[in-house]
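Structural data only, the sequence is not supplied:
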C-alpha cells in the first residue's frame, strides 16, 4: 500500500486507528483456550469486530515468538485471514528489527517476502541504533514501509533518545529523523514511531518531518491523549496512525470480549472522525 | 551457564571462539539441498566439525526467520542437537531484540523459556535504543545473559554510536555501557557487543567495563584483527568471545565444507591458545 492509498483509506474509513494485536495467550478470554488455535480465534474475532473502525493492524511479534513455532503458526493464520481485507487495512509487523546489512536483508524477507517466509506485511518497525546499513535493506521493497523508532512511548525512552549531541545540540531522536533522509527515506517509504506519551514533542518532530506518517503508540493503557496527538501531530493528509492495543483487545476478558473491543474501537473512531473533519 | 563456568570452559578448550550460524539457505553447499532440512544438516555438520575448537555458537535469527516456520524448525532442531553438548558450549540467540517492558518479557520467553517457546539459549543480543525497561526483562532469568549492543562492527555504527552528548561529552556507546550498571547489569549477567573493526576503541571500552565479557563480531569477513582485539580487550579471565561466521561456515561451498570449516576454526583456536597462554 502506498502513501496516497493509505491517505485515501483513512479518509474513506474516517479513522486513523491501528489495532495492536498483542495477543498474549495468558490474557485472552479463557473460553477460547479449548479451541485448536486460541490466539488465531481471538485475533479473528477481534478483526471481525474492529475492522469497520480501524485502518491498520499491528501484530507485535514478541507475543507470537514467545510461543515458538506454534505462535508463528497463529500469526501466519492471522495474516492469511487479513488477506480477505487487502484494500481495507494496512498491516504492520511490530518487530523492532535491525542488524548489519546482509542480516537486515534476511529480516526484510522475514516480513515482506511471502514466498520466502510466508509473510507479506505492508510495514515493519526498525530500530535505528546500528545506522544506515541496518535500515536500508528494508527499504528495497516497493510499496513497503520502514517505521523507524524515533521517540518511543516508554519510560526508557528518556535514557538515550533525548541526549543532545555536541555537534549541533540536536537530540538523538532528532538526529535519527534527519539521518533517515540521507538513507533515501522519504514520506513514501518511511514512517516514524513517536510515542503519544510525549505528544508535546510532536511539534518538534513536525519541524523535521512535516509530511511523514507517524505511528503513535501509547494512547490508552500507556496514558497518551488522542486529541493532544492530533493537535500537535496531524498533517493535511492526516499523517498519523494511532495505535491502541490492550485498551481495545483486552477491554473485556469475558464472552463479550469482541463486542467490547468493537465499542472501544468505535469510540476512538468517532473521536478520530471529528479530528479528521477539522482538516477537510 | 554462569561467569565462572564460561571462564573455565574457555581455559579448558583454550579457545574463545564463537561460531556464527548465519546459515543462509542460498549459501550452503548445493549437495545438501536434497536433504529434508538442508539448513539443519548444514548446521549439524558445522557443529560436529568445529565443536573442538570453539566455546560458543551464535545462530543469527534473521537467517531462520527469513524462511518463516520452516526456518524456525531448522533452528529448533539445531538447538536440540546442541543440547548434546550442554557443558561444552555457550549458546547465543543473535536477535537484536528490544521493546517496551511487557513486550520484551515476551521476547525473553522466546529465547530463554523452553516450555514456552522451545528455546533455551544462554544469551540474547539486545538493542539499547528504548532504554531500561526494554532491557531489564531479559535480565530476570538465572544464569542467562543479555548481550547489549554498544559499538557494532558495521559502517552504520558511525551514524549514532559515536555521538558525544552535551551533558558529559561521552559518546553514545559509552553512555550505553554506563547506563547498564544502573539497570542492575554486571559481569555476571551482561556482556556487550563491541565490533572488532573498531579494536582500538576497546581501550576506551575497558575503562568503563574492565571485567565484562565482550562479544566481538567482525573478525574475518568484516576485516577485524584477532590479535588487535586481544591486545586491547582481553582481561585476566579472557573476557572475550570472538565471533566468526562467514569466514568459517562458508569457507568452502563444496563437498568438503565441514573439513574446511574445521580448519578455519582450528586456525583461530591455535591463535587464541597463544593469546590465552600470555595471560596464564
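Noted; the coordinates are in hand. On a predicted model such as this, the values are computed, not experimentally measured, just so you know.

which residue packs closest to residue A:30, ignoring adjacent ones?
Nearest in space to residue A:30, with sequence neighbours left out and distances taken as Cβ to Cβ, 6 or more residues apart in numbering or on different chains, is residue A:253 at 7.4 Å. In short, each C-beta sits where N, CA and C put it, glycine included.

do the same with residue A:2
Excluding the flanking residues, the one nearest residue A:2 by Cβ to Cβ, 6+ apart is residue A:143, at 5.0 Å.

ok, the residue nearest to residue A:30 touching residue A:31?
No. With contact defined as Cβ atoms under 8 Å, residue A:253 does not count as touching residue A:31 (9.6 Å).

So which residues of the stretch 151-280 of chain A form strands?
Shown for the stretch 151-280 of chain A, the strands assigned by DSSP state E, counting those that start in this stretch span residues A:190-194, A:214-216, A:240-244.

Against which helices or strands is the first one packed?
Packed against strand A:190-194, as judged by 3 or more Cβ pairs under 8 Å, 6 or more residues apart in numbering or on different chains; DSSP states H and E, are the following elements: strand A:145-151, helix A:172-182, helix A:202-208, strand A:214-216.

what is the orientation angle of it with strand A:145-151?
30 degrees (axes from the mean of the first three to the mean of the last three Cα atoms, to 10 degrees).

Sheet partners, orientation included, of strand A:190-194?
Sheet pairing for strand A:190-194, assigned by DSSP bridges, gives strand A:145-151 (parallel), strand A:214-216 (parallel).

Give me every residue in contact with the longest helix out of those in chain A, excluding its own residues.
In chain A, taking DSSP state H as the definition, the longest helix is helix A:257-277. Contacts of helix A:257-277 with the rest of the structure, by Cβ atoms under 8 Å, 6 or more residues apart in numbering or on different chains, involve A:10-11, A:13-17, A:19, A:28-29, A:42, A:45-46, A:48-50, A:52-54, A:219, A:226-227, A:230, A:234, A:238, A:242, A:244, A:247-252, A:254.

Taking strand A:240-244 as reference, get the angle to that helix.
An angle of 160 degrees separates the directions of helix A:257-277 and strand A:240-244 when computed by the same axes, to 10 degrees.

list the buried ones in helix A:257-277?
A:257-258, A:260-266, A:268-269, A:271-272, A:275-276 (16 or more other Cβ atoms under 10 Å in any protein chain shown).

Now do that helix, average pLDDT.
Here the mean pLDDT over helix A:257-277 is 98, rounded to a whole number.

Then stretch A:224-235?
93.

Tell me the buried residues in that stretch?
Residues of stretch A:224-235 classed as buried under the neighbour-count rule (16+ other Cβ under 10 Å) are A:224, A:226, A:228-230, A:232-235.

Tell me the pLDDT of the nearest residue to residue A:204 once chain neighbours are set aside.
In space, and not counting its chain neighbours, residue A:204 is closest to residue A:174: 7.0 Å by Cβ to Cβ, 6+ apart. Per-residue confidence at residue A:174 stands at 97 (pLDDT).

Just the endpoints, please. Distance across stretch A:50-60?
Looking at stretch A:50-60, the gap from its leading to its trailing residue is 17 Å under the measure Cα to Cα, to the nearest Å.

That one and chain B, are they touching?
Yes. Legend: contact between stretch A:50-60 and chain B by Cβ under 8 Å from any Cβ of the partner chain is shown at residue A:60.

just the helices in the stretch 51-200 of chain A please.
Using DSSP state H, counting those that start in this stretch, the helices of the stretch 51-200 of chain A run over residues A:62-65, A:68-82, A:101-112, A:114-117, A:132-135, A:157-160, A:172-182.

Just send those back as JSON lines, with distance to residue A:6 and mean neighbour count too.
Putting the helices of the stretch 51-200 of chain A into JSON lines (distance: least, Cβ to Cβ, whole Å; neighbours: other Cβ atoms under 10 Å in any protein chain shown) gives the following:
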{"stretch": "helix A:62-65", "distance to residue A:6": "24", "mean neighbour count": "27"}
{"stretch": "helix A:68-82", "distance to residue A:6": "16", "mean neighbour count": "20"}
{"stretch": "helix A:101-112", "distance to residue A:6": "16", "mean neighbour count": "24"}
{"stretch": "helix A:114-117", "distance to residue A:6": "20", "mean neighbour count": "17"}
{"stretch": "helix A:132-135", "distance to residue A:6": "20", "mean neighbour count": "24"}
{"stretch": "helix A:157-160", "distance to residue A:6": "26", "mean neighbour count": "22"}
{"stretch": "helix A:172-182", "distance to residue A:6": "18", "mean neighbour count": "21"}
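
any chance of those helices in a markdown table, plus distance to residue B:213?
Conversion of the helices of the stretch 51-200 of chain A to a markdown table gives the following (distance: least, Cβ to Cβ, whole Å):
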| stretch | distance to residue B:213 |
| --- | --- |
| helix A:62-65 | 25 |
| helix A:68-82 | 27 |
| helix A:101-112 | 22 |
| helix A:114-117 | 33 |
| helix A:132-135 | 23 |
| helix A:157-160 | 22 |
| helix A:172-182 | 27 |
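
So which of those is nearest residue B:179?
Within these, the stretch nearest residue B:179 is helix A:157-160; the backing value is 5.6 Å (Cβ to Cβ).

Give me the helices and strands touching the closest one, please.
Counting by 3+ Cβ pairs under 8 Å, 6+ apart, helix A:157-160 packs on helix B:172-182.

Report the angle between the helix it packs on and strand B:190-194.
Using the same axes, to 10 degrees, helix B:172-182 lies at 180 degrees relative to strand B:190-194.

Contacts for helix B:172-182, please.
Under the criterion Cβ under 8 Å, 6+ apart, residues A:159-160, A:163, A:172, B:128, B:131-132, B:135, B:148-151, B:160-163, B:165, B:170, B:190, B:192, B:204-205, B:208-209 lie in contact with helix B:172-182.

Can you select the buried ones from those in ChimeraX?
This is the ChimeraX syntax for the buried subset of those, where burial follows 16+ other Cβ under 10 Å:
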select /A:159,160,163,172 /B:128,131,132,135,148,149,150,151,160,161,163,165,170,190,192,204,205,208,209
